[in-house]
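[1] Based on what follows, work out the 3D shape:
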Amino acid sequence: MTSQPPSPPPQPEQPAEAVPTCYRHPDKETWVRCQRCERPICPDCMRDAAVGFQCPECVAEGNKGIRQAKSTFGGGIVRTPIVTYTILVINVLVFGAQYLTEGVTGQLAMWPAGVALGDQYHRLLTAAFVHSGLFHILFNCWALYVIGPYLERAFGHARFVALYLVSALGGSVLGLWVDPITQPTVGASGAIFGLFGAVFVVGRKLNMDVRGIAVLIVINLVITFVFPNISWTGHIGGLITGSLLAGALAYAPKNNRTLWQVLAIGGALILLAVLVLVRVSAILAMS
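    A predicted model of the protein is given here:
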């Protein structure tokens, strides 16, 4: 007679293992953990690592020790020259406003009497966004479109903005000193000539062939003095200012380069501001 072996005593029921959830999204279940901190992370929080995945915080912490890429002269890497495109758009919008709204040109043009006698200092910069005709804006926008991205990638967004605006200001300041007090002028030519000078300076710094830009500068200077109704003061003032500032930015010592560049930009602005105040005081004294 056979008998069945006795049944083993019942085992206590084991509690089910809790399913881990993402530390950033508690409503999402996951079995993947960060390779550094071992916290559970969901697919939305996974960042590819050399082995496995890491969470966003660990990736950010690891990137702190990585030296960020810089442009040729210290600015951030520029993939899209958004400053150049923005200036182009502003030029077109203002040009349209000149023809749609009466008085825009008169309010924004560089007018020495308005600056000196009316405290309208905005004219020193706004004149760079106003143009006298279709050919005028087409030439300036074409030149900006061609050389603007090159310089913006070389200097970075912020330095390029400074270069453009300070060059425009330099052209207006020379006009304030030399042009007849009642003569209004418009156009971005001062800023464009400043960019021409900057391309020449950058080319020399990088040991590139600068004969092409040199010829272009000479041709435009000849046009400036041969054809009537062209503000030579704006062109020469912008060329000198842009060239000098570009030289300060490009040749700044690599040690503390950003500091030296900020000082150069600030120094240029202070010098131009002093020249404006001195000239305004002289005009007021004569009036």
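[2] all helices for the stretch 51-200 of the chain, in order.
    56-63, 82-100, 104-108, 112-118, 123-126, 134-155, 157-178, 189-205 (DSSP state H, counting those that start in this stretch).
[3] Please spell out which residues along the shortest one are buried.
    Judged by neighbour count (16 or more other Cβ atoms under 10 Å), helix 123-126 contains these buried residues: 123-126. Any C-beta I mention is one placed from the backbone N, CA and C, and that applies to glycine too.
[4] Check stretch 100-112 too.
    Neighbour-count burial for stretch 100-112 [16+ other Cβ under 10 Å]: 104-105, 108-112.
[5] Repeat that for stretch 26-33.
    In stretch 26-33, counting by 16+ other Cβ under 10 Å, buried: 30, 32-33.
[6] Let me have the helices of the stretch 51-200 of the chain in CSV, extended by mean pLDDT and distance to residue 44.
    Shown next, in CSV, are the helices of the stretch 51-200 of the chain (pLDDT from 0 to 100; distance: least, Cβ to Cβ, whole Å):
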stretch, mean pLDDT, distance to residue 44
helix 56-63, 80, 10
helix 82-100, 96, 29
helix 104-108, 94, 49
helix 112-118, 93, 56
helix 123-126, 97, 46
helix 134-155, 95, 34
helix 157-178, 97, 31
helix 189-205, 96, 44
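[7] want to throw these into JSON lines with distance to residue 212?
    Shown next, in JSON lines, are those (distance: least, Cβ to Cβ, whole Å):
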{"stretch": "helix 56-63", "distance to residue 212": "41"}
{"stretch": "helix 82-100", "distance to residue 212": "20"}
{"stretch": "helix 104-108", "distance to residue 212": "33"}
{"stretch": "helix 112-118", "distance to residue 212": "35"}
{"stretch": "helix 123-126", "distance to residue 212": "30"}
{"stretch": "helix 134-155", "distance to residue 212": "11"}
{"stretch": "helix 157-178", "distance to residue 212": "20"}
{"stretch": "helix 189-205", "distance to residue 212": "9"}
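[8] what's near enough to touch residue 83?
    Going by Cβ atoms under 8 Å, 6 or more residues apart in numbering, residue 83 touches 148, 152, 157, 160-161, 164.
[9] run the last query once more with 7 Å
    Residues near residue 83 by Cβ atoms under 7 Å, 6 or more residues apart in numbering: 152, 157, 160-161.
[10] What of residue 127?
    108-110, 172, 185-186.
[11] so what's residue 49 up against?
    Counting by Cβ under 7 Å, 6+ apart, residue 49 has contacts residue 35.
[12] I'd assumed residue 264 was in contact with residue 248.
    Yes - when contacts are counted by Cβ atoms under 7 Å, residue 248 is listed as touching residue 264 (3.6 Å).
[13] Name the residue in these two with the higher neighbour count.
    Legend: neighbour count by other Cβ atoms under 10 Å for residue 248 and residue 264, higher for residue 264 (21 against 17).
[14] got a list of what the more buried one touches?
    245, 248-249, 252.
[15] now these in a markdown table, with pLDDT and distance to residue 282?
    As requested, those are exported to a markdown table (pLDDT from 0 to 100; distance: Cβ to Cβ, whole Å):
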| residue | pLDDT | distance to residue 282 |
| --- | --- | --- |
| 245 | 97 | 25 |
| 248 | 96 | 28 |
| 249 | 96 | 31 |
| 252 | 94 | 34 |
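[16] So which of those belong to strands?
    Residues of the contacts of residue 264 located in strands (DSSP state E): none.
[17] Cool, thanks, signing off.
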